[in-house]
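Student: A structural model of the following input is requested.
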Amino acid sequence: MTSITPPPQVDPHDDVDFPAMLKSIWQQKRLIGIFAGSCALVAVAYVFNVSPEYQVSTVLLPAALNDLDELNRTKVYELPPLDALNRVGSALDSYDTRLGYFRSDTALQAAFMKGGRTVEQAFEEFNSKALKLILPDPKKTTALKAYIGIEMLYTEGLDGKSVLNSLTQYAIENERQQISRDLEVIVQNRLRELDTQLETARIDYAANKDARIAELLEGDTLKRAKLSDELRALRMQLKMRRESRIAQLGEAIVIARSLGLKRPSTPSSLGQIGTESAGNVMRTEVINQKIPLYFMGTDALEAERQALRNRTSDDFTDPRVAEIRKEQVLLEINRNIQVLRDRENDELFLKGIEVLRAERARLGAIKTDMSNLQLVRVDRQAVEPMSPVRPQKILIVMGGLIFGTFIGLLVALLRFTFIRRPLERVHMALTPLKKNIRTEISSPLLAGKAVDA
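Tutor: A predicted model of the protein is given here:
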């Protein structure tokens, strides 16, 4: 009876036979080459069909101190070089600035307005994809100066260097005009403030002047009133003094008549009335008492009384009356008031405004046209690029070749894993069975030949 040995079980988890795998991959080198060449050809076709893209860039540095000296010396607008650089950088990164330049450049619009795009859509592509602002890394400590760079990516057919240089100058000019407008507004505001202060000083001076005149007028009025009252009182006093004198003279006349004194006499001579004197005698009488008035005699007393009665004014009897009249005449015209009112230019008498006038003159002389102001220094202008930055032909072709080789290797490994290796295992499993079958078949044949022999 013939016995057939069952084939050995093949373990699917057997170790990988690396020599066999490498041999299989080497045998499939043509397949791998086909995949690598195909991908390389696709990469070459892409490289020669895609539109090349070019890149230009420009770098801005802070301006020198003397470039901003004219602006900073105004003392109303200070702009350090770094601040000026940051302002220009902000303008270059500004949406409005870029949109304004995009609208002003028809060639740039035509380059981006493709496929029925609107101006806004074309600008969005230009703003988001074409331009890139480059700033120094604040985390890195470097001895290099501050700078601002801007890069532009564009396709063939557009003059990129002119666009980028024009955009840079457009942003710088916009900032220059904005600074001129700001400076003009600041100067005008300061001038208005100074004019307000000067007008306040004028109003204050006019008020003080009117107050001074009113004070002088009031003082003159009060003084005239006092002088009038004094003059009236003095005249009354003089009148009463005159009337008192007349009364005294009347009493003295009565006494003199009773004594028979018609001419001036003395007490001693009155005692010698009726006594004859021999010769011419001159008497001198010294007494320490006032001689009564009636010794003047009736003739003198009546003459004086009549004169007092005929008097129409007593002003001349007291010098104070003349002084009062003098002061009243002086008060008729106040020269201080006249001088104050006759001032032709009150500006000359304003106090504490010299500084305001000087500041106003200085501000009025400030030149607000900053068309020649140098905000930044263009360290490197955009120039025509030597070659496109995209596509990078060698890298793309090499990438296609590597990718194709990888795909080819992957396919070769899959073929080895799922096709050749199972066949080899089946072949290896059937080999002992074939040998047993051959042995079983060959044994009777050999026995028959032996019997025949």
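Student: now the helices for the stretch 201-350 of the chain?
Tutor: Along the stretch 201-350 of the chain, the segments classed as helices by DSSP state H, counting those that start in this stretch run 267-271, 298-310, 319-332, 335-341.
Student: Can I get the ones you listed in CSV including mean neighbour count?
Tutor: For the C-beta atoms, the positions are set from N, CA and C on the backbone; glycine is no exception. Shown next, in CSV, are these (neighbours: other CB atoms under 10 Å):
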stretch, mean neighbour count
helix 267-271, 12
helix 298-310, 15
helix 319-332, 13
helix 335-341, 12
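Student: got a markdown table for those helices, with distance to Gln177 and mean pLDDT too?
Tutor: Listed next are those as a markdown table, based on distance: least, CB to CB, whole Å; pLDDT from 0 to 100:
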| stretch | distance to Gln177 | mean pLDDT |
| --- | --- | --- |
| helix 267-271 | 117 | 68 |
| helix 298-310 | 99 | 91 |
| helix 319-332 | 67 | 91 |
| helix 335-341 | 51 | 90 |
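Student: Could you check those and tell me which one is nearest Tyr205?
Tutor: For these, proximity to Tyr205 was assessed by CB to CB; helix 335-341 is nearest, at 11.0 Å.
Student: same question for the following helix or strand past that closest one, mean pLDDT?
Tutor: Per DSSP states H and E, the first helix or strand lying C-terminal to helix 335-341 is helix 354-364. When pLDDT is averaged over helix 354-364, the result is 90.
Student: Now do helix 354-364: which elements does it pack against?
Tutor: Judged by 3 or more CB pairs under 8 Å, 6 or more residues apart in numbering; DSSP states H and E, the packing partners of helix 354-364 are helix 160-259.
Student: Can you give me the buried ones in stretch 242-260?
Tutor: Using 16 or more other CB atoms under 10 Å as the test for burial, stretch 242-260 gives 246, 249, 252-253, 255-256.
Student: hang on, the earlier thing: any chance of the helices of the stretch 201-350 of the chain in JSON lines, with distance to Phe126 too?
Tutor: JSON lines is the format used below for the helices of the stretch 201-350 of the chain (distance: least, CB to CB, whole Å):
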{"stretch": "helix 267-271", "distance to Phe126": "138"}
{"stretch": "helix 298-310", "distance to Phe126": "121"}
{"stretch": "helix 319-332", "distance to Phe126": "89"}
{"stretch": "helix 335-341", "distance to Phe126": "73"}
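Student: mind checking which of these is nearest Ala146?
Tutor: Of all the helices of the stretch 201-350 of the chain, helix 335-341 sits nearest to Ala146, with 63.1 Å by CB to CB.
Student: now what about that closest one, what contacts it?
Tutor: If you take CB atoms under 8 Å, 6 or more residues apart in numbering as the criterion, helix 335-341 is touched by 209, 212-213, 216-217, 220.
Student: Format those as JSON lines; extra columns: neighbour count.
Tutor: Below are these laid out as JSON lines (neighbours: other CB under 10 Å):
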{"residue": "Lys209", "neighbour count": "15"}
{"residue": "Arg212", "neighbour count": "13"}
{"residue": "Ile213", "neighbour count": "16"}
{"residue": "Leu216", "neighbour count": "15"}
{"residue": "Leu217", "neighbour count": "12"}
{"residue": "Asp220", "neighbour count": "17"}
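Student: I'd like the residues you listed as CSV, with pLDDT appended.
Tutor: Shown next, in CSV, are these (pLDDT from 0 to 100):
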residue, pLDDT
Lys209, 91
Arg212, 93
Ile213, 93
Leu216, 93
Leu217, 93
Asp220, 93
